[in-house]
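Participant: Give me a model of this one.
(one chain, ligands or ions: 2)
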Amino acid sequence: MEAQRLYFKLSSTIPTSQIQYQRTPFIQILHKASTNNNITLKGSFLKPHVSFDPKVLKCTNCLQRIEREVAIIQLRKKKIAVFVSGSGSNFRSIYEATLEGIVHGEVAVLVTNKDDCGGAKYAREQDIPVILFPKAKNSSVGLSEEDLVDALRAFNIDFILLAGYLKLIPTELVRAFPRSIFNIHPSLLPAFGGKGYYGIKVHKAVIDSGARYSGPTIHHVDEHYDTGRILAQGVVPVLANDTAETLAARVLHEEHKLYVEVAAALCEERIVWREDGVPLIRSKEDPDHYK
Ligand SMILES: Nc1nc2c(c(=O)[nH]1)N[C@@H](CN(C=O)c1ccc(C(=O)N[C@@H](CCC(=O)O)C(=O)O)cc1)CN2
Ligand SMILES: NCC(=O)N[C@@H]1O[C@H](COP(=O)([O-])[O-])[C@@H](O)[C@H]1O
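Facilitator: Ligands and ions are numbered 1, 2, ... in the order given. Just a heads-up that it's a prediction; the model follows:
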């Protein structure tokens, strides 16, 4: 019988001791991590050889979950370019999520306008290629717009994620990667966005305004600063005794979670564009639910 190969990934909710399978030469564990006597398995099993204790798989929609996981594993891993100008904590969150398999993609290249910034240093430590764009003033080092597009094509980039990048993305790049460039901004756009609104300046403006809520916005990147359609937002309270620094830290924590969620959705092809041009995230758990 031509056995049907079943590829799947089991989440770590099933204690190791309760998974029984016959050891056969056909079982190839692609990835195994055991923590606290639980196990996360990515593996290819020959269906007839795998038998689970029916009492263990109590998950009512287990098959649907495995089918969704199988579908993700069978997708080609997406290639991501991240653009930074500063410490790169969002970049690190996304990169670490790719290593953990939370984001089904890889950070193929880092682009920065500041060769010595924290994000560039971290990228070099991880052997991620670093591109300087745009060229520094009065310097021949760095790429032109045309060369940058060519370089990103050469890396087979699927998505470009701006994460604290402080230069205007040129129209040539926006048009070369339609519906593929996204940015995270540390306020609830359209409030407190646009030219001059970046970094701690955003949080100072939020506090000065008396706003009671703030939070990160991830939006599509068009030719202008912060005017692209909104894809996702998070909300945090602005406290009466907040400083720009305390608010920045609270928003940044929310940014890290939100950008990983968006990167995962992008790499799983769960972004859907509404007729009016607004991008939506299709729920992983319920494909009929969008947000
Ligand atoms: N085409 C686009 N490019 C960029 C966008 C965008 O939405 N469309 N987002 C920015 C990120 N950003 C806000 O999220 C932002 C970054 C920088 C500025 C700004 O005023 N920059 C200063 C220069 C700052 C410096 O060089 O230190 C300026 O242009 O005068 C506003 C918003 C990334 N690119
Ligand atoms: N308008 C753009 C802007 O202000 N972006 C903000 O720069 C910070 C970069 O932090 P990171 O380098 O640690 O990711 C983030 O808070 C991001 O929202």
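
Participant: what helix or strand does the closest residue to ligand 2 within the stretch 51-200 of the chain sit in?
Facilitator: As assessed by C-beta to the nearest ligand atom, ligand 2 sits closest to residue 164 within the stretch 51-200 of the chain, at 2.6 Å. No exception for glycine: its C-beta is placed from N, CA and C like everyone else's. Take DSSP states H and E as the rule and residue 164 turns out to sit in neither a helix nor a strand.

Participant: Kindly report the same for the one 4 residues further on.
Facilitator: According to DSSP H and E, residue 168 maps onto no helix or strand at all.

Participant: Near the residue nearest to it when sequence neighbours are not counted, how many other residues are there?
Facilitator: Nearest residue to residue 168 in three dimensions, chain neighbours excluded: residue 225, at 6.6 Å (C-beta to C-beta, 6 or more residues apart in numbering). For residue 225, the count of nearby residues is 17 (other C-beta atoms under 10 Å).

Participant: Spell out the secondary structure type for residue 225.
Facilitator: Under DSSP: H, G, I helix; E, B strand; the rest coil, residue 225 falls in the coil class.

Participant: what does residue 96 give?
Facilitator: Following three-state DSSP, residue 96 is assigned to helix.

Participant: Can you check the pLDDT for it?
Facilitator: For residue 96, the pLDDT comes out at 98.

Participant: Over to residue 63?
Facilitator: If you check residue 63, the pLDDT there is 83.

Participant: Check the secondary structure at it for me.
Facilitator: Criterion first, three-state DSSP; result for residue 63: helix.

Participant: Equivalent analysis for the one 3 residues further on, please.
Facilitator: Secondary structure, three-state DSSP: residue 66 is helix.

Participant: In contact with residue 248, which residues are there?
Facilitator: 186, 200, 203 (C-beta atoms under 8 Å, 6 or more residues apart in numbering).

Participant: do stretch 144-151 and ligand 1 meet?
Facilitator: No. Under the criterion of C-beta under 6 Å from any ligand atom, ligand 1 is not reached by stretch 144-151; the shortest gap measures 11.9 Å.

Participant: Show me which residues of the stretch 51-200 of the chain are close to ligand 1?
Facilitator: 162, 165-169, 174, 183, 185, 195-198.

Participant: Which single one of those is nearest to residue 220?
Facilitator: residue 183 (8.1 Å; C-beta to C-beta).

Participant: got the phi/psi numbers for residue 160?
Facilitator: The phi/psi pair for residue 160 (degrees, to the nearest 10) reads phi -120, psi 120.

Participant: residue contacts, the closest residue to it other than its chain neighbours?
Facilitator: Among residues not flanking residue 160 along the chain, residue 181 sits closest, at 4.3 Å (C-beta to C-beta, 6+ apart). Residues in contact with residue 181, defined by C-beta under 8 Å, 6+ apart, are 159-162, 169, 173-174, 220-221.

Participant: before we move on, back to that, neighbours of the residue of the stretch 51-200 of the chain closest to ligand 2, just the number please.
Facilitator: Counted with other C-beta under 10 Å, residue 164 comes out at 26.

Participant: now swap in residue 76 and tell me
Facilitator: With other C-beta under 10 Å as criterion, residue 76 counts 10.
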